[in-house]
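**Student:** When you get a sec, could you give me coordinates for this:
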Amino acid sequence: MAVISDCFAKLTQNQQCALIPFITAGDPDLETTASALQILDRSGADMIELGVPYSDPLADGPVIQAAATRALQRGTTLDKVLDMLKPVIPSLKAPIILFTYYNPILNRGIEQFLQEIADIGVAGLVVPDLPLEEADNLLEPASKIGIEVILLIAPTSSTERIEAIARASQGFIYLVSVTGVTGMRSQIESRVSDLITLIRDVTDKPIGVGFGISQPEQAQQVRAWGADAIIIGSAIVQRLAEGTPEQGLSAIANFCQNLKESLS
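**Tutor:** Residues are numbered from 1 along each chain as shown. Next up, the predicted model:
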C-alpha cells in the first residue's frame with residue numbers, strides 16, 4: 001500500500017512539491033470516477049483526495065456541494081465507493097486519501113470503517129468536521145491499522161491550537177488557505193505565507209495548502225511561500241462535470257499536467 005509519509009519523503013528528497021487533486025466520487029458516475037483516478041495518476045498527481053458525497057457537506061463550496069448532490073441523486077453510497085476502489089487502487093502509484101465527514105464514520109463504527117478502508121488500500125483520511133478534542137478517538141485506532149489521519153488548520157486558529165494540531169496530524173498538515181468553504185478564488189491571501197512560517201516553526205511535518213487554489217500561477221505562489229503540497233478541488237471537479245464524461249476526463253488530464261508542470 002502506498003504510504004503518504006513515504007511519498008512526501010521521496011518528494012522532499014527530490015525537492016519537489018506534491019500535487020493533490022480532489023474529485024467527488026460518483027460525479028458524474030462511479031465508472032467515470034474510476035477512470036478519473038487512473039487518469040490523474042498518470043497525469044502528475046502525487047496523491048489523490050477522493051470525496052465521499054455527503055448530504056450536509058459543511059466545508060464544501062458550491063461546486064463540490066453540487067457534485068455531491070448529483071452523486072447522491074444517482075445513488076452513490078459509501079459501500080459503492082469502496083467497491084469501486086477495490087480494483088482501482090492496486091493500479092495506482094498515487095496514495096488515495098479519502099475525504100469524508102465524521103457522522104458516516106461513527107455510524108459505521110470507527111474501527112470497522114478504518115479496517116474496511118485499509119483493507120482496500122486507502123492510505124489517508126481527511127475528516128473536516130472532526131474536532132481536535134475528539135481526534136484521538138480516530139487517530140489512535142487509525143495509527144494501529146495503518147491509516148494516516150490528516151488534520152486541518154484554519155486561518156483563524158490560535159498559535160496554541162496550531163501547535164496541538166501539528167503534533168497530532170498524521171501524514172501531513174492540511175492548511176486551509178481561506179476562512180470559509182472550498183471554492184475557486186481569484187487570489188490567495190498573503191496571510192497563507194505567514195501561516196506556513198508559523199507552522200514550520202512548530203513542526204517538520206509536510207504542509208499541504210488547499211481551499212481556493214484554482215490556477216497554476218496560484219499553485220506556484222503557494223509553493224514559493226514554502227508549501228510542500230498543493231491541493232486543488234473545485235477547479236478539477238468543475239472541469240470533470242462539463243460536457244460528456246470523455247470531455248471531462250480529457251479536461252482534467254490536461255489541467256493536472258499543466259499544474260504539475262507549474263510546480264516542477
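**Student:** Grab the longest helix from this structure for me.
**Tutor:** helix 245-263 (DSSP state H).
**Student:** average pLDDT across it?
**Tutor:** For helix 245-263, the mean pLDDT works out to 96.
**Student:** what packs against it?
**Tutor:** For helix 245-263, the packing partners by 3 or more C-beta pairs under 8 Å, 6 or more residues apart in numbering; DSSP states H and E come out as strand 18-24, helix 30-42, helix 216-224, strand 229-232, helix 234-241. Glycine gets a C-beta too; all of them are placed from N, C-alpha and C.
**Student:** now those as CSV including mean pLDDT?
**Tutor:** What follows is the helices and strands packed on helix 245-263, written out as CSV (pLDDT from 0 to 100):
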stretch, mean pLDDT
strand 18-24, 97
helix 30-42, 98
helix 216-224, 92
strand 229-232, 96
helix 234-241, 95
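**Student:** okay, those in TSV with distance to Ile162 next?
**Tutor:** As requested, those are exported to TSV (distance: least, C-beta to C-beta, whole Å):
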stretch	distance to Ile162
strand 18-24	21
helix 30-42	30
helix 216-224	18
strand 229-232	17
helix 234-241	25
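**Student:** Tell me which of the ones you listed sits nearest to Arg167.
**Tutor:** Shortest distance between Arg167 and those, using C-beta to C-beta, is found for strand 229-232: 19.1 Å.
**Student:** What about the residue lying closest to Ala154 once chain neighbours are set aside, how many residues nearby?
**Tutor:** In this structure, Ala154 finds its nearest non-sequential neighbour in Val176, 5.1 Å apart by C-beta to C-beta, 6 or more residues apart in numbering. Counted with other C-beta atoms under 10 Å, the neighbours of Val176 add up to 23.
**Student:** doesn't Leu151 make contact with Val176?
**Tutor:** No: in this structure, Val176 is not within contact of Leu151 by C-beta atoms under 8 Å, at 10.8 Å.
**Student:** which residues of this structure score low on pLDDT?
**Tutor:** 1-2, 57-60, 178-189 (pLDDT under 70).
**Student:** The residue most central in space within the chain is in what secondary structure piece?
**Tutor:** In the chain, the centroid-proximal residue (C-alpha atoms, centre = their mean) is Glu49; its distance is 3.5 Å. Using DSSP states H and E, Glu49 falls within strand 48-51.
**Student:** Counting by contacts, list what that strand packs against.
**Tutor:** Applying 3+ C-beta pairs under 8 Å, 6+ apart, we find strand 48-51 packed against strand 18-24, helix 30-42, helix 62-73, strand 96-99.
**Student:** from the chain's centre, how far out does that strand sit?
**Tutor:** 5 Å (C-alpha atoms, centre = their mean, to the nearest Å).
**Student:** With Val237 as the reference, measure out to Ser55.
**Tutor:** 17 Å (C-beta to C-beta, to the nearest Å).
**Student:** Pick out whichever of those two has more residues nearby.
**Tutor:** Val237 (27 against 10).
**Student:** CA-only coordinates of the strand holding Glu49 in CSV, if you can.
**Tutor:** Extracted in CSV, the C-alpha atoms of strand 48-51 (Å, rounded to 0.1, in the frame of the first residue of the first chain):
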residue,chain,number,x,y,z
ILE,A,48,-5.4,11.9,-4.9
GLU,A,49,-8.1,13.1,-2.5
LEU,A,50,-11.5,11.4,-3.1
GLY,A,51,-14.6,12.9,-1.6
